[in-house]
Structures are given as structure tokens and as C-alpha cells.
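*Asks:* Prediction below, plus the sequence it came from.
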Amino acid sequence: MINKNLKLVTALGCALGIATPASVFATNGMFMIGYGNKSRGMGGVGITMTHDTLASAANPATMAFIKGNQFDIGGDIFKANAEASLGEDGVYLGRVTVESKPDHMALADGLYMMPSLGASWNKGDLSYGFTMVPVGGGGSRYEPNIYNSVITGAPTDEKMGVSLMVMNINPTIAYKLDENNSVGATLIIGAQVFKSYGLSYFQTFTESDSPDHLTDQGADIAYGAGIRLGWMGKFMENKLSLGAEFTSQTYMSKFDDYSELFAGQGELNTPGNIGLGASYQFMDDLTVALDINYIMYEDIPAIANLGPGQGTDGALYITGPETNQLGLDEGLGFGWGNQTVIKLGVVYAYDTRWTLRGGWNYAKSPIHEERDILFSMVAPATTEHHLTLGATYQYDKDIELNFSYGHAFENTQWGPTYIGGSGEISMSTDALGASLSMKF
């Protein structure tokens, strides 16, 4: 009977994962803080925690320590609050502040759905499985058009914004080298959906001097692949766990419809990262875990290249239009830097039914506000501090229900822009999630 239920839930989960977009806002830069409700309830830790099958999206080696066969399916409701200001009082058309609104992919006012699922099978020392997880993304929708609002004669009655959604399917294999050590490998199959609108002002920064491959081209889809490798070991009579993972870039096909927006003729690979983790069981019912991840945005030209106005004495281009126009290999970008993410979590087995979790997550914003924040207004990834809570209810020996809540505190960044004087962006987020874990 349970195998029949598993087939039904798997089919429903696959349909949900295909039909529903990933989050259009993420909170560690363009990435989510963790994978699965157990992880997110602990601040996103996952490199040394065999939470569930979804933990393998952080470190594939964790799959080897999952006992028996398991299936996980869940989802989060995500709400982002963001706004931007541009201009100076008494300069151009004055200062304008606009709240970012949800686009048509939202469930309701500012609410987005993030589905995830995973499964694993254990065959002695060998384990294998897969996950389907929302990785993150970025987005905004300003109405009126905040860029045009500070430009004399520009139309302000149109909306302006972007939407990037990133989801990965992760076939994974893990192997126990001995009783206490495992290694794992994942083939990352990536999908991205992107659109932009209301960016026609920037067509003067393109070779064609037209919006045809810059904005208002509808949704474009890119596909790609990468790898993730991991190790996990247990020491001191299994009280101490250590782990490490390496994730390559996910090398994506180009967004042909937006070849004059992203550097490299529309190339936007998903950044890679490296991570280290440690967890320690202080008591039978209390474990504390720490992950440190280093996200390599600076390897992605479209994200890392400097934006407009960063040349000598505030010149538009660093070297010149023949090198730095939008869409070229060294074309204008967001100017983001690499990001170090610290995740700290605690899990406490309250009784035989209930397990409680809490966590803290911190990452300094990758946006360099002292340079220019003009382009980052469409991707206001400013949040830095997050607090999370979570719980698991053990329904029976094979089924458990998991819950999580996370809040990213509002963080505001301001600095110079090429148009309209100074700019300011801020964002806060809330996420509420639930999932089902089932042995079969």
C-alpha cells in the first residue's frame, strides 16, 4: 500500500515542481538559505546533517547516512517586502520611492510558492536518489517605472522589473567508505526562467541601440549542468560530524532573447560555491551545527562586472563602449562581490514525538553600495540577518511532518547611481513551510 502511495505522491510532486516556479526572491544573495524545512528551520545548515533526502542538495555525501528508503515532499510560502528610492530632492524630477509589487507568478499579494521533493534508496554501502529544489533567483516589479521617474520626458506609466527563477534537478549517488565516512556526487541539471520589462532607457548602452534583445521579450528559458561533490565523516563515537562540499558553476545555455542585457551575449551561469560544516551532539537530545559557505559571484561576468558610471572620474564605461556595452563579454553588470554565508543551527529532541529547531543565518550583502546600486534595484538582495524556527512531529515510525519559519530582517543599502543622484534599496522576507517525510 505504501508503495502505491509513494508512486502517487511522486507523480503529484513532479507535476507540482514543473508547474510552479521557484522563488523569485532569495535571501543569501540570489540563493535560498537552505534546502528542505529541517534545514531552513536550523538557519540553513545541511553539510553534516542527515535531515532528509533534501539535505543532499547541500552535500551529496549525507545521503549515505539515511537509513532505509525515504521520500520527502514539501513547499514553502515566501513573502518578500522590497522598495527602492532614486533621485535627489531639487534635482531632475525630485526623489521617487516605489514599492516592489508581485508579478503574475505570485499566489497572492507578494506570496510565492516554493515546492521541493526528493527520494533516496539504500543498497548496503551504496545510496542513490534525486532532489528537485528551488535554488533561488531574484526579481522586482516597480510601477511606476522608477528609472524613468527621474528622467525628464520619459514615460512613467509603464511598469519596470525583472524576474529570474532557478530550479535544479539533482540525481545523486553516495557511498560509505567505512562505517564513519562517506562520499557523494551529484549531477546538477539546471533550469532558469528570465524576463525583463521597462528597461528601454538602457538601450543606449547596447551595440544595436534598440530594446530588441534587452527588454520586453517575454520569458526566456536556459538549461545547463554542473556537478557537486561532497564528503562527510563521523568522529568521537559519532558525536562529532565534519563535512565538505564543492559545487561547480551550473553552465547554462544563453538567454538569446536577452543577449544585449547579460554580459557574454546573454550568459548567466549559476555561481558555484564551496562549503565546510561541523556538528556536535552535546547530549543525546541536543545537537548544534555550523556551516560556512563561500559563494563565487565574481566568476560570473553578468553578475560581477561593474555597472555604469564606474569609469575614471565617473565615466559611464570602465574602458569604453567598444568593450563595456551591455551584452559584451566585459559588458556592464551588477558589480556584486563574492559572499561568505554563516549558518548556525540547533536541534532538540523534546520527546518521542516532537523535535524542535532554531537557527541564525548571516551573509553580508554582495551589493557594493559604495560603487553603484542602480542595476541592483531590480534585484534587491540586501537582507543579511535571518532567524529561523522549525519542528518535526513523528506521526508513526515511517511518517513525519516538518515545519519551518524564517524571517530575514530588513536591510537598507544606499549609494551613488549613474542617473538621478543617489539610490536606496531595502528588503525583508518571511517564509513559512511544511513537508512530509516518509519511509518506504
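*Replies:* Sure, I can see it. Nothing here was measured: the structure is a model prediction, and the numbers come from that model. Residues are numbered from 1 along each chain as shown.
*Asks:* Can you name the helix or strand that residue 79 falls in?
*Replies:* strand 70-86 (DSSP states H and E).
*Asks:* Given the helix or strand just after that strand, what are its sheet partners and their directions?
*Replies:* Counting by DSSP H and E, the next helix or strand C-terminal to strand 70-86 is strand 96-99. When pairing is defined by DSSP bridges, strand 96-99 lines up against strand 70-86 (antiparallel).
*Asks:* pLDDT (mean, whole number) over the strand it pairs with?
*Replies:* Mean pLDDT, computed over strand 70-86, is 91.
*Asks:* Can you give me the buried ones in that strand?
*Replies:* For strand 70-86, the neighbour count (16 or more other C-beta atoms under 10 Å) marks 70-76, 78-86 as buried. Any C-beta I mention is one placed from the backbone N, CA and C, and that applies to glycine too.
*Asks:* again with stretch 172-180
*Replies:* Applying 16+ other C-beta under 10 Å to stretch 172-180 flags 172-176 as buried.
*Asks:* Closest one of these to residue 211?
*Replies:* Nearest to residue 211 out of the buried residues of stretch 172-180 is residue 172 (C-beta to C-beta; 41.7 Å).
*Asks:* with the buried residues of strand 70-86 in mind, which one is nearest to residue 245?
*Replies:* Nearest to residue 245 among those, with distances taken as C-beta to C-beta, is residue 72, at 19.2 Å.
*Asks:* residue contacts, the closest one?
*Replies:* 36, 52-54, 116-119, 435-438 (C-beta atoms under 8 Å, 6 or more residues apart in numbering).
*Asks:* 7 Å instead?
*Replies:* Each residue near residue 72 by C-beta atoms under 7 Å, 6 or more residues apart in numbering is listed here: 36, 52-54, 117-118, 435, 437.
*Asks:* go on, residue 249?
*Replies:* Going by C-beta under 7 Å, 6+ apart, residue 249 touches 226, 269-272, 299.
*Asks:* and with 6 Å instead?
*Replies:* 226, 269, 272 (C-beta atoms under 6 Å, 6 or more residues apart in numbering).
*Asks:* Over to residue 33?
*Replies:* 27, 44, 361, 386 are the contacts of residue 33 under C-beta under 6 Å, 6+ apart.
*Asks:* doesn't residue 321 make contact with residue 311?
*Replies:* No - assessed by C-beta atoms under 6 Å, residue 311 is found out of contact with residue 321, at 10.6 Å.
*Asks:* picking that back up, please list the members of the buried residues of stretch 172-180 that lie in helices.
*Replies:* Within the buried residues of stretch 172-180, no residue falls in helices by DSSP state H.
*Asks:* Among those residues, which lie within strands?
*Replies:* 172-176 (DSSP state E).
*Asks:* mind giving me JSON lines with those and columns for pLDDT and distance to residue 348?
*Replies:* Shown next, in JSON lines, are these (pLDDT from 0 to 100; distance: C-beta to C-beta, whole Å):
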{"residue": "172", "pLDDT": "98", "distance to residue 348": "29"}
{"residue": "173", "pLDDT": "98", "distance to residue 348": "32"}
{"residue": "174", "pLDDT": "98", "distance to residue 348": "27"}
{"residue": "175", "pLDDT": "98", "distance to residue 348": "31"}
{"residue": "176", "pLDDT": "98", "distance to residue 348": "28"}
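*Asks:* What is the nearest of the residues you listed to residue 336?
*Replies:* Closest to residue 336, out of all of those and judged by C-beta to C-beta, is residue 172, at 28.9 Å.
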